[in-house]
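Colleague: sequence first, predicted coordinates after that:
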Amino acid sequence: MSAQQYPDDLYYTKDHEWARLEDRDGQKFATIGVTRFAVDQLGDVTQVDLPKEGESLKQAEVFGSVESVKAVSDLFAPLSGKIVKVNSPLSDSPEYVNEDPYDEGWMIQLAVGDAKELTGLMDAAAYQAFLREQGE
Amino acid sequence: MQRTPLYESHLRLGAKMVDFGGWAMPVSYAGGIIDEHRATRQAVGVFDVCHMGEIHFRGERAAQAVQRLITNDIGRLTDGRALYTVACLPTGGIVDDLIVYRISATHYLTVVNAANLEKDRAWFFEHARPLCDVTDASAETGLIAFQGPGAKHALQPLTKLGLGDLASFAYVDSCEIAGVKASIARTGYTGEDGFEIFCDAKDAATLWDRLVEAAAGIGGKPVGLGARDTLRLEARLPLYGNDLDDTTTPLEAGLGWVVKLEGADFIGREALRAQSASGVKRKLCGFEMTGRGIARHGYPLFDSEGHPSGTTTSGGPAPTLGKNIGLGYLPVGLDRAGERISVDCRGKRVDAEVVKGPFYKRGRA
């Protein structure tokens, strides 16, 4: 797997979500999506169901779902926080998830509630080691 | 897991393999399901269906033996013709749906679903062996489907057989395709024109490679089980295990056209006569999602007032139509075109509308 399959600047979960952290005026924000591995497993994405801005999520809580031609998969929040942005173009263009999972295919942005939760996430190297362990 | 003779070919083509009823089968290749679906609708798709079962009936009483097992009228077949039918339990529940080919008056071939092979074999042996020789040739038989509007054009250069003369549901027992000894039928499971080609299992990989090449020449490609399912659902062809099982009867499943209640006797006829006389209570219906949601197998259905009204049996996106569609059993009364229903998609009630006939119908060539 090449590095750009799993960018170095992201955090990863065992449920195959990623989070990109940024700091604005002392508040941490996390942009969230699904990994290249998840996209390859799903195949063609045909529908993405996302929550509304303003909702609060707990870490590991289901926040939406991705439907591919074959199956439906839940999305799990990598971190707790309040949803400040939702990638609403995905409702008309779910194929962004396949084409560009780390950029145009992002799903939600959270105002991070508890930065300590980051210690439970993996970096790119650990995530790729995790995938190898799973036999993928 | 069992492997078809094409297992290595799939790996070479970069297929994503899945467990399908105990078989390692390609769900899709590199381009993905939608791409393969479109290729089949626009050009031609090549499908590994070697996992399906082939059971032969031979002997003077072979016709009588097969007739006992199937609801359709075997007397309608002449040499080199095939028909679609179901086999039923005495209750009228469906054992399997299958195609019966008449090779000669004393030799019939049935092609059955892979997942049902063991059950079918036991059922067929039990009821037909007293009358004729019954042989399971599934392991030695390769089967490849070549389906799409370009199928005839792409296949013709590989054989001397005049494919234009092969009518729908016609069958030629002995021919040569791409140098391989084969049998061919104008049948399929996609809603398109096409062929199903039988060969010796040991020749299947050779034939596959030549068919994939021929398909590529017109923009076609190998197609996995993912697109096989979206194609058959658009054409509204039922899938055993989803839309049909031993608790559903052919009359409920909209397969009354393969049930000949007035012809020769068959297992299940009394039960189906009784059901026909009293009227079915539920029917397999097609529906289109009018709200935003995708139905899958096993989702609850509701009438327009919110009363529980059955369960979906199949569902998913219809790539050719750009809609989400499905099938499910609804009470009689709701089985009318335009009837408004809803589907519980993982806790969310999504509106849908009953649709009659195939969702997709190919244009006349």
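Modeller: Great, that's in hand. Residues are numbered from 1 along each chain as shown, chains lettered A, B, ... in the order given.
Colleague: alongside chain B, which residues does chain A contribute?
Modeller: A:43-44, A:46-47, A:65, A:67-72, A:91, A:98 (C-beta under 8 Å from any C-beta of the partner chain). (Glycine included, C-beta is placed from N, CA and C.)
Colleague: please convert the buried members of those residues into ChimeraX selection syntax.
Modeller: The following ChimeraX selection, which keeps only the buried ones among these, applies the criterion 16 or more other C-beta atoms under 10 Å in any protein chain shown:
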select /A:43,44,46,47,65,67,68,69,70,72,98
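Colleague: need the residues of chain A next to chain B in JSON lines with secondary structure and pLDDT, can you?
Modeller: As requested, the residues of chain A next to chain B are arranged in JSON lines below (DSSP: H, G, I helix; E, B strand; the rest coil; pLDDT from 0 to 100):
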{"residue": "A:Gly43", "secondary structure": "coil", "pLDDT": "91"}
{"residue": "A:Asp44", "secondary structure": "coil", "pLDDT": "93"}
{"residue": "A:Thr46", "secondary structure": "strand", "pLDDT": "94"}
{"residue": "A:Gln47", "secondary structure": "strand", "pLDDT": "95"}
{"residue": "A:Ser65", "secondary structure": "strand", "pLDDT": "96"}
{"residue": "A:Glu67", "secondary structure": "strand", "pLDDT": "95"}
{"residue": "A:Ser68", "secondary structure": "strand", "pLDDT": "94"}
{"residue": "A:Val69", "secondary structure": "coil", "pLDDT": "93"}
{"residue": "A:Lys70", "secondary structure": "coil", "pLDDT": "87"}
{"residue": "A:Ala71", "secondary structure": "coil", "pLDDT": "88"}
{"residue": "A:Val72", "secondary structure": "strand", "pLDDT": "92"}
{"residue": "A:Ser91", "secondary structure": "helix", "pLDDT": "92"}
{"residue": "A:Asn98", "secondary structure": "helix", "pLDDT": "94"}
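Colleague: farthest pair in the residues of chain A next to chain B?
Modeller: The span of those, defined through C-beta to C-beta, is set by A:Lys70 and A:Ser91 at 20.1 Å.
Colleague: A:Gln4: what's it in contact with?
Modeller: A:Gln4 makes contact with no residue under the criterion C-beta atoms under 8 Å, 6 or more residues apart in numbering or on different chains.
Colleague: so it, which of the three states?
Modeller: Using DSSP: H, G, I helix; E, B strand; the rest coil, the three-state assignment for A:Gln4 comes out as helix.
Colleague: and A:Phe29, by the same measure?
Modeller: strand.
Colleague: with the one 3 residues further on instead?
Modeller: Each residue gets one of three states, and A:Ile32 gets strand by three-state DSSP.
Colleague: pretty sure B:Gly291 is touching B:Asp351, no?
Modeller: Yes. Using C-beta atoms under 8 Å, B:Gly291 is in contact with B:Asp351, at 4.0 Å.
Colleague: between these two, which is the more surrounded one?
Modeller: Under the criterion of other C-beta atoms under 10 Å in any protein chain shown, the comparison of B:Gly291 against B:Asp351 puts B:Asp351 first, with 17 against 14.
Colleague: may I have the beta-bridge partners of that one?
Modeller: On the basis of DSSP bridges, B:Asp351 is bridged to B:Ser342.
Colleague: so what's it up against?
Modeller: Counting by C-beta under 8 Å, 6+ apart, B:Asp351 has contacts B:Met289, B:Thr290, B:Gly291, B:Arg340, B:Ile341, B:Ser342.
Colleague: again, but for B:Ala235
Modeller: Contacts for B:Ala235 were tallied using C-beta under 8 Å, 6+ apart; they are B:Tyr189, B:Thr190, B:Gly191, B:Pro358, B:Phe359, B:Tyr360, B:Lys361.
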